[in-house]
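> Please find the sequence and the predicted model below.
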Amino acid sequence: MTDKPKRSFFAGDGVAAPLQHTIFRRIWLASLLSNLGLLIQAVGAAWAMTQMTSSADKVALVQTALMLPVMLIAMPAGAVADMFDRRIVALVSLAIALVGATTLTTLTFLGLVTPQILLALCFVVGSGMALFGPAWQSSVSEQVPSETLPAAVALNGISYNIARSFGPAIGGIVVATAGAVAAFAANAVLYLPLLIVLFLWRRVSEPAKLPRERLNRAIVSGVRYIGNSPPIKIVLARTLVTGLIGGSVSALMPLVARDLLHGGAQTYGIMLGAFGMGAVIGALNIGALRKQMSGEAAIRACALAMGGAIGVVALSHEPVITAAALVVAGSAWMLAVALFNIGVQLSAPRWVAGRSLAAFQASIAGGIAIGSWGWGHLTDAAGVEAALLVSGALMLASLLLGIWLTMPPVGRRDEDAETLADPEVRIALTGRSGPLIVEIEYRVAQDDARAFHQVMQDVQLSRQRNGAYGWSVARDIADPELWTERYHCPTWLDYLRQRNRSTQSERALHQTAITFHMGPDPIRIRRMLERPFGSVRKDDPPVNDVLPVVASAAGSST
C-alpha cells in the first residue's frame, strides 16, 4: 500500500516523473543552483541600488535591466536555438552571463560600481540568460518523453521558485553579513555546475534534411508562424498583460520591505522567499489544476487570487500578514505562468519551438520590464501603497479579457508529420529558384461549398504559418464546382521546408480538404516558377517551361 503513492509520484504524469530521466535530472539540479545564484545576485543588486539612491524608479530599473534583454533579443535567441545545437547555444549564453557576473563582482570589490554600471552589468547578465532561456526550454522535449513534458515544464518552474524561496533569504543574509560583492560572487560560482553538466551532455540530434535557414529568415519564419497561430497569439497576449500588472510585486518588493514594513535586507529576503514558496506550492499543484479546471477558468482563478493578495500587501504593515499574502500571490503567479508556458510548448511544433518559447519569454519579461518601469514612476508620484492598490485592481479587471481572448484548450504536443518525398521536377532548379507558385484544384459539390470554404480558412493559416504567402482560394464562375487554392513560396528551398513543416493535425486538416474533392480524377496540383527565365537551358526539351505535376489525393500534401 505504501508503494502506490511513490509510484504515482514518479510515474505517469506525476510532477516528479521527468526526474527519472538522467539527463533532465542532472540539468534540473544544476539549473536549481544557477537559479539560486541568480536570485542571490538580484537581492544584492536591488539592495545595493537602494543604498546608492533613494529613487524608486532606479530601484525598479534593476529588475527592468535583468528582464529587458529577454524582450529585446528573445526572437533572435529563439531562432538561434532552432538553427544550431541547443547545447552549444546554452553553453555560450551561460558564458556571457558568467562574464557579466564576474565583472560585477570585481568592480564592486574595487568600489567602482555606480548605479549606471550596476544596471549595465545586470543587463549583460540578463542578456546571457535571455539567450539561454529558449535553448534550455526547447531542449526539455529532447530530455523527456512527450507525456511528461507538462510535468517537466512545471519542474522547471519549481526549480526557479525553490531558489526563489531560499535564494532571497540567503541573499539577504549574505548582503547583511558580507555585502553585495559576496552576493555577486556567489552567482558567478553557481553558474559553474550548469556549465559542466551541459558540457558533459551528449545531445543526439537528427541531421537536417534541408540546409539551415539564415538568421533573419529564421526570425521572420518564427514571427510568421506565431502571427498565423491564433492559440499562441491568445496565450502571448494574456501573458503580456499578466506580466505588466503582476510585475509590480517583484519590482516594488524592496520598497515594501523598507517603507511599508520598515525592515532591512533580511526582511526583503524573507518577503521574496514567501513569494517563492507560494510559487513552489503552485507548481506542485499544476497537474491537479489542469485536470479539474479548463485553461480559462484556471487563469481567472489565478487573477482573482493574485489581485486580492496584492491588495493585502498594499494595506498590510505586519510582516506575517504580508508574507501570507505573498504566498498566495506567488502560488497564483506561478500557476498562471506555468499554464501559459505549457500552452505555448504544446501548441508549437519542434521546428519552431525555440522561437515560440522565445516569444513567450519576451511577453512575460517584456511585460515585467515595462510594468516595473511604470510601477516605479507611479510609486514616485503616489507612493508604494497606492501603486500596489492600482496593480491589484487591474489584476482583478483582467478577468474581463477572457471574454475576448479565451484561453485555448491544450492537450498533448502536436507531433511532426512524416517527411514527404520531394515532388517531381523536370527543369533545373536551385534552392534559391523562385518565387514558386502552387495551385491546387478541387472539384467540390455545390451543397458542400460553405463547409469546404470554412475548412479552407484553417488551411490558409496552416499554409501561411509554415512559410507560404499570397494565399487565396477562388471559385470558377463558369464551373461552380471547381475551386482553386493558390499560394506562393519565396524560393524552391522555402517550398520544401513549407510542405514538410506540417504537424500531424495540419496534415489531417489538408486531408480533410481533399475529402471534399469528388470525381474519378485526383486533385490537380501545379507547381510553377514565377520567374522561369533563369531556368531555361539550351538543352531543354521543346515543351512548356513549366510542366504541371499531378499528384494523387493520398500522397499530396502540396
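Noted; the coordinates are in hand.

> C-alpha only now, for contacts and for neighbours.
Will do.

> average model confidence for stretch 225-244?
Throughout stretch 225-244, pLDDT has a mean value of 93.

> residues in contact with that stretch?
Applying Cα atoms under 8 Å, 6 or more residues apart in numbering, the contact partners of stretch 225-244 are 337, 340, 343-344, 347, 352, 356, 359-360, 363-372, 395, 398, 401, 405-408, 461-462, 464-467.

> So for the helix or strand containing residue 138, what gets flagged as buried?
Per DSSP states H and E: residue 138 is located in helix 115-143. Neighbour-count burial for helix 115-143, counted by 16 or more other Cα atoms under 10 Å, picks out 115, 118-143.

> What are the buried residues along the following helix or strand past it?
Using DSSP H and E, the next helix or strand after helix 115-143 towards the C-terminus is helix 149-178. Neighbour-count burial for helix 149-178, counted by 16+ other Cα under 10 Å, picks out 149-175.

> Could you point out the helix or strand that follows helix 149-178?
helix 180-190.

> now for whichever helix or strand comes after that next one, which elements pack on it?
Per DSSP H and E, the first helix or strand lying C-terminal to helix 180-190 is helix 192-200. In terms of contacts (3 or more Cα pairs under 8 Å, 6 or more residues apart in numbering; DSSP states H and E), helix 192-200 is packed against helix 22-52, helix 86-109.

> Let me know the angle separating the last one from helix 192-200.
It stands for helix 86-109. Put simply, helix 86-109 runs at 160 degrees to helix 192-200, going by axes from the mean of the first three to the mean of the last three Cα atoms, to 10 degrees.

> Number the chain from 54, please
Sure, I'll start numbering at 54, so the last one becomes helix 139-162.

> What are the phi and psi values at residue 577?
For residue 577, the backbone dihedrals are phi -110, psi 130 (criterion: degrees, to the nearest 10).

> was I right about it contacting residue 496?
No. Assessed by Cα atoms under 8 Å, residue 577 is found out of contact with residue 496, at 9.6 Å.

> okay, those two: which has more neighbours?
residue 496 (22 against 18; other Cα atoms under 10 Å).

> Look up which residues are beta-bridged to that one.
Assessed by DSSP bridges, residue 496 has beta-bridge partners residue 535.

> how close does it get to residue 514?
Separation of residue 496 from residue 514 (Cα to Cα, to the nearest Å): 21 Å.

> Could you do residue 368 as well?
48 Å.

> tell me the phi and psi of residue 525?
Torsion angles, degrees, to the nearest 10, at residue 525: phi -160, psi 160.

> in which helix or strand would I find the residue most central in space within the chain?
For the chain, the residue sitting closest to the mean C-alpha position, by Cα atoms, centre = their mean, is residue 410 at 2.2 Å. Assigning secondary structure by DSSP H and E places residue 410 in helix 406-435.

> tell me which residues of that helix are tucked away?
406-432.

> And residue 102, how close does it get to residue 318?
12 Å.

> and if you look at residue 506?
63 Å.

> So if I had to pick from these two, which one is more boxed in?
residue 318 (24 against 15).

> isn't the more buried one right next to residue 228, touching?
Yes. The pair residue 318 and residue 228 qualifies as a contact (Cα under 8 Å) at a distance of 7.1 Å.

> Relative to the whole chain's centre, how far out is stretch 480-496?
From the chain centre to the centre of stretch 480-496 is a distance of 33 Å (Cα atoms, centre = their mean, to the nearest Å).

> Stretch 381-388 too?
On Cα atoms, centre = their mean, the centre of stretch 381-388 falls 19 Å from the chain's centre.

> how about the helices in the stretch 254-403 of the chain?
268-280, 283-299, 301-308, 318-337, 339-345, 348-368, 372-400 (DSSP state H, counting those that start in this stretch).

> what's the shortest one packed up against?
In this structure, helix 339-345 packs against helix 202-231, helix 372-400, with contacts taken as 3+ Cα pairs under 8 Å, 6+ apart.

> repeat for the longest one
Counting by 3+ Cα pairs under 8 Å, 6+ apart, the packing neighbours recorded for helix 372-400 are helix 202-231, helix 283-299, helix 318-337, helix 339-345, helix 348-368, helix 406-435.

> Could you pull up the residues touching residue 381?
Per Cα under 8 Å, 6+ apart, neighbours of residue 381: 328, 331, 358, 359, 362.

> Which two of these have the greatest separation?
Taking Cα to Cα as the measure, those span a maximum distance of 13.3 Å, between 328 and 358.

> Looking at the two, which is more packed in?
Higher neighbour count among residue 328 and residue 358: residue 328, with 30 against 21, using other Cα under 10 Å.
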